[in-house]
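# Predicted structure and sequence below. I'll ask about it afterward.
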Amino acid sequence: MECECRRGNMECFKRRCPDTVCRNPVTRGCCQECDDCLYNGKEYSNRQTFLDPTDRCKACSCVDGNIICSPKQCPRVTCLNPMQGECCQECSNCLFQGAVYDNGQEFPDSADTCSSCYCKSGNVECTRKPCANIACSHPMRDGCCPVCDRGCRFEGRDYREKEKTERDCQVCTCTDGNMRCFPKYCPPVKCSNPVTVDCCPVCGDCMFEDRKFRNGQTFPDVKDPCSECVCRVRACWKVNYDVQK
C-alpha cells in the first residue's frame, strides 16, 4: 500500500504494478516480475535448467518468467536388448522376450529349449547346447542332440533298431543309427522271358520284345512274318510255318 497526507487526511491505496506478460512470474515486494520464475512453489533463476519435480523424465528451463519443459534427452543406446530405466533405455540389464534379466545372468531360451542365453551389457547371446560327435548317418534325436542307439530317422520316418523297409527294389535295415540298403533278394528263375513282379523276375507270364504276353498266348513274331511264338511257363517258343509256292 502507498499512503499520502492530503489536507490533514491520510489516504492509502494499493500500489499500481506494471502488467506482466510471463506465465510464471516471481513476486518482488508488492509486484510480480518476469526476471525469474516461480514453479510449484519454488523460485528459479532466469536461464536455470532443472528436472521437473513432478516428472523426473522432463527437463525444464526458466526463460524470462516462463517455465519451458520437454522430455529429458536420452543418450543413444548401443545394445540390442536394452531395458527401460526410469526415463531412458539402459544397457545395464537385458529385456528379452518380455522378461528382464540381470547383467551376467544365464537363462534358458523360451523359444528353443535346446538353446541357452546370456545377458551381457544389454545384449542377449543365445547358443545351442553342445552335442557329442556322432558316427552314424541317420541318427534319432534324444532331447536336443542326435544319437545313434535309438533307431534311425530315414526319409521323414522313424525306424526302430533292426526294422526293415523296402524302397526302389532295395531292402533297407536300421542298424546302429545307419540305414543300410541292399538290392532285394530274388530267387533264381529257369525261364528265358520272365516278367517282373515286385522287383523280381517271375515265370508266370512272358516278356518278349518289351511286350507282356499271358501264359499260353500265341502271337506273331515281329521279326519274321512266317513264324509265330507261344508263351509257355518256361519260355517263348518259336514255330516256323513252310510257305508253299
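Alright, I've got the coordinates.

# Pull out the buried residues from stretch 211-225.
Within stretch 211-225, the residues scored as buried using 16 or more other C-beta atoms under 10 Å are 213, 219, 221. To be clear about C-beta, it is placed using only N, CA and C from the backbone, and glycine gets the same treatment.

# oh, I was asking about stretch 119-126
So for stretch 119-126, counting by 16+ other C-beta under 10 Å, buried means 119, 122-124.

# nearest to S92, of those residues?
G122 (7.0 Å; C-beta to C-beta).

# partner residues bridging K42?
Y39 (DSSP bridges).

# Which pLDDT does the model give it?
The per-residue pLDDT reported for K42 equals 94.

# Could you do E11 as well?
64.

# Do me a favour and get the end-to-end distance for stretch 102-112?
20 Å (C-alpha to C-alpha, to the nearest Å).

# follow-up on the earlier one: output the buried residues of stretch 119-126 as TSV; include the columns distance to D109 and secondary structure.
Listed next are those as TSV, based on distance: C-beta to C-beta, whole Å; DSSP: H, G, I helix; E, B strand; the rest coil:
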residue	distance to D109	secondary structure
C119	12	strand
G122	17	coil
N123	14	strand
V124	9	strand
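
# Closest one of these to C69?
Using C-beta to C-beta, the buried residues of stretch 119-126 come closest to C69 at G122, 28.7 Å.

# Isn't that closest one up against E90?
Yes: counting by C-beta atoms under 8 Å, G122 does reach E90; the two are 7.2 Å apart.

# For those two, list the residues in contact with both.
With contacts defined as C-beta atoms under 8 Å, 6 or more residues apart in numbering, the residues shared by G122 and E90 are 77, 82-83.

# For the buried ones among these, write the corresponding PyMOL selection.
For the buried members of these, the matching PyMOL selection, counting by 16+ other C-beta under 10 Å, is:
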select buried, resi 82+83
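
# Of the buried residues of stretch 119-126, which is the nearest to R16?
Nearest to R16 among these, with distances taken as C-beta to C-beta, is G122, at 61.0 Å.

# Report the spatially nearest residue to D102, omitting neighbours in sequence.
Among residues not flanking D102 along the chain, N93 sits closest, at 5.5 Å (C-beta to C-beta, 6 or more residues apart in numbering).

# and what of F96?
Nearest to F96 is V124, by C-beta to C-beta, 6+ apart, at 4.5 Å.
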